[in-house]
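Here is a sequence with its predicted model. Questions after.
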Amino acid sequence: EPEVTQTPSHQVTQMGQEVILRCVPISNHLYFYWYRQILGQKVEFLVSFYNNEISEKSEIFDDQFSVERPDGSNFTLKIRSTKLEDSAMYFCASSDNLITKETQYFGPGTRLLVL
Amino acid sequence: GDSVTQMEGPVTLSEEAFLTINCTYTATGYPSLFWYVQYPGEGLQLLLKATKADDKGSNKGFEATYRKETTSFHLEKGSVQVSDSAVYFCALSTGGYQKVTFGTGTKLQVIP
């Protein structure tokens, strides 16, 4: 069964450093999303992406964040200058445009720790 | 805005007990409703969904019915197993390619 994959599974970085989180959505999906889950809290929407542009973003997704689809398979989330409060689990998700368009399939997540 | 409220955890049950996790929602229009499960150390997995009123989603012995009149989508299982121990998230999407709004999650622990 096709699945969303994410790399790395864990990343530790120093405050102020840039990080790039990578995702490979399900092939033939056209809609891509990033969410985050701070430890012990609810899963929060960050951004959605379609046709090479942002469709919607939340208040969390400020100028420190950016997304990109650099090629036909990868979808990345960049945090330019990490803060302590960026420590969280980051989930990528994708959905298709036909039968199950309202269903988002999530990857296993990248756990980011900012020191 | 859209929101999902689910019962606080943790919920501790003995194996073979009946499970109910309550979930209610607030949304404009007619949302699709979901239950996601997160096993320890893993990501979010779609457990079941329902896209319109009175639909029943089911998977792995879990069921939930979309009740528009009570704006609820309670998760049930007749006989839980130790392997069901996980965090369960109720969620909604207002259709198309809109963001998913999650509840706070309910941790379930099943003891032998």
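Sure thing, it's come through.

Please point out which parts of stretch A:8-15 sit buried.
For stretch A:8-15, the neighbour count (16 or more other Cβ atoms under 10 Å in any protein chain shown) marks A:Gln11, A:Thr13 as buried. Backbone N, C-alpha and C define where each C-beta goes, glycine included.

Around chain B, which positions in chain A sit nearby?
Contact residues (Cβ under 8 Å from any Cβ of the partner chain) of chain A with chain B: A:6, A:31, A:33, A:35, A:41-45, A:48, A:50, A:55-56, A:58, A:91, A:93, A:95, A:97, A:101-109.

run the last query once more with 7 Å
A:31, A:33, A:42-43, A:45, A:48, A:50, A:55-56, A:91, A:95, A:101-109 (Cβ under 7 Å from any Cβ of the partner chain).

Quick check: strands, which of those are part of them?
Among the residues of chain A next to chain B, the members found in strands (DSSP state E) are A:Tyr31, A:Tyr33, A:Val43, A:Phe45, A:Ser48, A:Tyr50, A:Ser55, A:Glu56, A:Phe91, A:Ser95, A:Tyr105, A:Phe106.

Now the last one. Nearest residue, chain neighbours left out?
Computed as Cβ to Cβ, 6 or more residues apart in numbering or on different chains, the closest residue to A:Phe106 that is not its neighbour in sequence is B:Leu44, at 4.1 Å.
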